Structures are given as C-alpha cells and as structure tokens.
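K.L.:
Predicted structure and sequence below. I'll ask about it afterward.
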Amino acid sequence: MSAVNALQQPLSLSECLADLAVDALIDEADLSPKPGLVDRRGSGAHTDLHLGLMHASALSLWPCFKAMADAACARGALSQALREDIGQIGREGEVEMLRITAGVNTHRGAIWALGLLTAAAALDSTALQPGEVSLRAARLAMLNDRRAPANGDSHGAQVCRLYGVRGAREEAQLGFPAVTQQALPQLQRSRAAAAGEQNARLDALLAIMTSLTDTCVLYRAGLAGLSSMQSGARAVLKAGGSASLEGRRRLRELDDDMLRLRASPGGAADLLAASLFLDRLQPALQTQIGSV
C-alpha cells in the first residue's frame, strides 16, 4: 500500500450521499440532447443559464446535502425536528446557490427533492431500495415545516393555484411516483434493450415528461405547452426511444417545440436527477463504505 493510500480516510455515509447527490445533478446537466433544457449543446429555452453555471450550482450544494444527511444521522428517526432541520438547511443551501449563480434559480427544486431523498437514505442505510427511500422521503415531506417563511408567490405556487395541479411538494408527499413508477422502470427497460446508458437516461427523462405536471412548463407555456411536452415525450418512446432513428426524429421535434414555446421542463430534470440518485444509491454505498 502506498503512503498516499494509507493516509486516505474512508468517506462517511453523509459524504457519500452528498457526492451521489451532486454527481446526479451534474450527470443530469450533461445529458444531451434534452428537449428545452440546458445541456452540452447550449442553454436550451433559457437565456440566463448555461452548463458551467449548472455545474457550479451543483457543486455549491455539496455542503447542503451533507448537512441534511448529518442531521438525519443525528436525529436517527423521522420526526418533526428532522423535517425542520432539513428545511432550514435547504434554505441556507438555496442562499449559497443564489450567491454562486448571481441570483439565478438553477436548482431550487432539486434541493427539495434530493434533500429529502438524501436525508431519507441517511436514516436507514440498510434499506436503500428506491421504494424504501422514497417512502421515507414522502413521510418527511408530509410533515409541516413550522419554521418555513410564508411564501405563496413562487412560480410553482402560482401555477398550482391557477391550474389546480399538484407541484413538487405533492410529488414528494406521494413518494415521487414519476421517479419510481415512470423513470426507473424505463431506465431498466432501455438498459435491457442495449440502448446505451445515455439513451437510457434520456428515455427515463422522457418517461417522466409523459405524465408529469411540470410547473416550469406550465408557467412559461400554459396548458398547451404542457400537452405538447407530454404528447411529444410519448411519441419519442412509442417510436422506439432515444436509441432509435425514428425516436431521434421525434426527440428533435419535441426539442423544437419546447424551444419555440420557450418552455423548459425543469421539474422533469429535477426528477431525473432524483432518479439517477436512487438508481445508483445502494451499489455505490456497498462499494464505498460497505454500509449494506
């Protein structure tokens, strides 16, 4: 064993979980070609975002995710106190994110989704199947954060009131069905069909988009934009997915539609990152810290 290796300390559970959360955000950002979203090709439907900013934002959130996992380990069980701990940590993480991005909202929704999942994973490192972790996250999301400032004016809140739809909070409280029932099964189907990992991830994103009420799209393009996103995503998968020639044609059409509408499926992107986190959670912890 080299002297360098001898000096290396094993990562803690919280450090591993924070690494996984940030890696999921970076992998989501890099995935290309995503319809209407920032990726390696460019800024998609955005004028204030680019790939470097998405990377910087993701990296800035590592301490936030670690602190959430630390809080879960310290509390040791689902509780009102833990819910309020992670709420406060998330708000502090958002402040740091906005400092890094000069006020641009890059990952507010991801802090919510991945924060809940990170804390839920830290609560029981012997039960890390996606359904187990998402259920614990749902139970956390059901608890009211009494310390949260009253703020009903976010874009997501406005859209939910206007259209009577569920948003990110309700998605979490239901146990992330877009992740567990749509994205992860599609990810496995595409892998089994030898689509290639990048195509499998694109297919997982599209599976989320087929049914998600994405408040980012609703805010920018209304119900017509949401319908265009959902039907376009279904058309890609019906044509054979991202790995097929006809599926790629349909994907290009969907991208053109999202750009024309200036609609970016940011909610779906956040849930893809959550899907990647859950997909690699158990094998990663087995390899890195042998916790399961």
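P.N.:
That came in fine, so what should we check first?
K.L.:
From here on, just use CA atoms for contacts and neighbour counts.
P.N.:
Will do.
K.L.:
separation between the closest residue to Gln129 other than its chain neighbours and Arg234?
P.N.:
Taking C-alpha to C-alpha, 6 or more residues apart in numbering, and ignoring the residues beside it in sequence, Gln129 has Gln282 as its nearest neighbour in space, at 6.9 Å. Taking C-alpha to C-alpha, to the nearest Å as the measure, Gln282 and Arg234 are separated by 30 Å.
K.L.:
just Ile208 next, same as before
P.N.:
For Ile208 relative to Arg234 (C-alpha to C-alpha), the value is 10 Å.
K.L.:
With neighbour numbers in mind, choose between these two.
P.N.:
Regarding Ile208 and Arg234, a neighbour count based on other C-alpha atoms under 10 Å identifies Ile208 as having more, with 31 against 20.
K.L.:
ok, that one touching Ala268?
P.N.:
Yes. Between Ile208 and Ala268 a contact is recorded at 6.0 Å, counting by C-alpha atoms under 8 Å.
K.L.:
what's near enough to touch His46?
P.N.:
Taking C-alpha atoms under 8 Å, 6 or more residues apart in numbering as the criterion, His46 is in contact with Gly36, Leu37, Val38, Arg262, Ser264.
K.L.:
where's it, which helix or strand?
P.N.:
His46 belongs to no helix or strand when assigned by DSSP states H and E.
K.L.:
and if you look at Ala24?
P.N.:
Secondary-structure element containing Ala24, defined by DSSP H and E: helix 13-30.
K.L.:
Give the other helices and strands that that helix contacts.
P.N.:
Contacts defined by 3 or more C-alpha pairs under 8 Å, 6 or more residues apart in numbering; DSSP states H and E place helix 13-30 against helix 51-60, helix 62-75, helix 108-123, helix 266-288.
K.L.:
list the helices and strands the shortest one packs on?
P.N.:
Spelled out, it's helix 51-60. Of the remaining helices and strands, those touching helix 51-60 by 3+ C-alpha pairs under 8 Å, 6+ apart are helix 13-30, helix 80-100.
K.L.:
returning to what we had before: kindly reformat the helices and strands packed on helix 13-30 as a markdown table containing mean pLDDT, mean neighbour count and distance to Arg139.
P.N.:
Formatted as a markdown table, those follow (pLDDT from 0 to 100; neighbours: other C-alpha atoms under 10 Å; distance: least, C-alpha to C-alpha, whole Å):
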| stretch | mean pLDDT | mean neighbour count | distance to Arg139 |
| --- | --- | --- | --- |
| helix 51-60 | 98 | 19 | 26 |
| helix 62-75 | 98 | 22 | 13 |
| helix 108-123 | 97 | 26 | 9 |
| helix 266-288 | 94 | 22 | 17 |
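K.L.:
Pipe these into TSV and attach distance to Ala21 per row.
P.N.:
What follows is the helices and strands packed on helix 13-30, written out as TSV (distance: least, C-alpha to C-alpha, whole Å):
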stretch	distance to Ala21
helix 51-60	9
helix 62-75	7
helix 108-123	6
helix 266-288	6
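K.L.:
Quick one: closest of those helices to Glu253.
P.N.:
helix 266-288 (18.0 Å; C-alpha to C-alpha).
K.L.:
which residues of the stretch 101-250 of the chain score low on pLDDT?
P.N.:
Within the stretch 101-250 of the chain, the stretches with pLDDT under 70 are 151-153.
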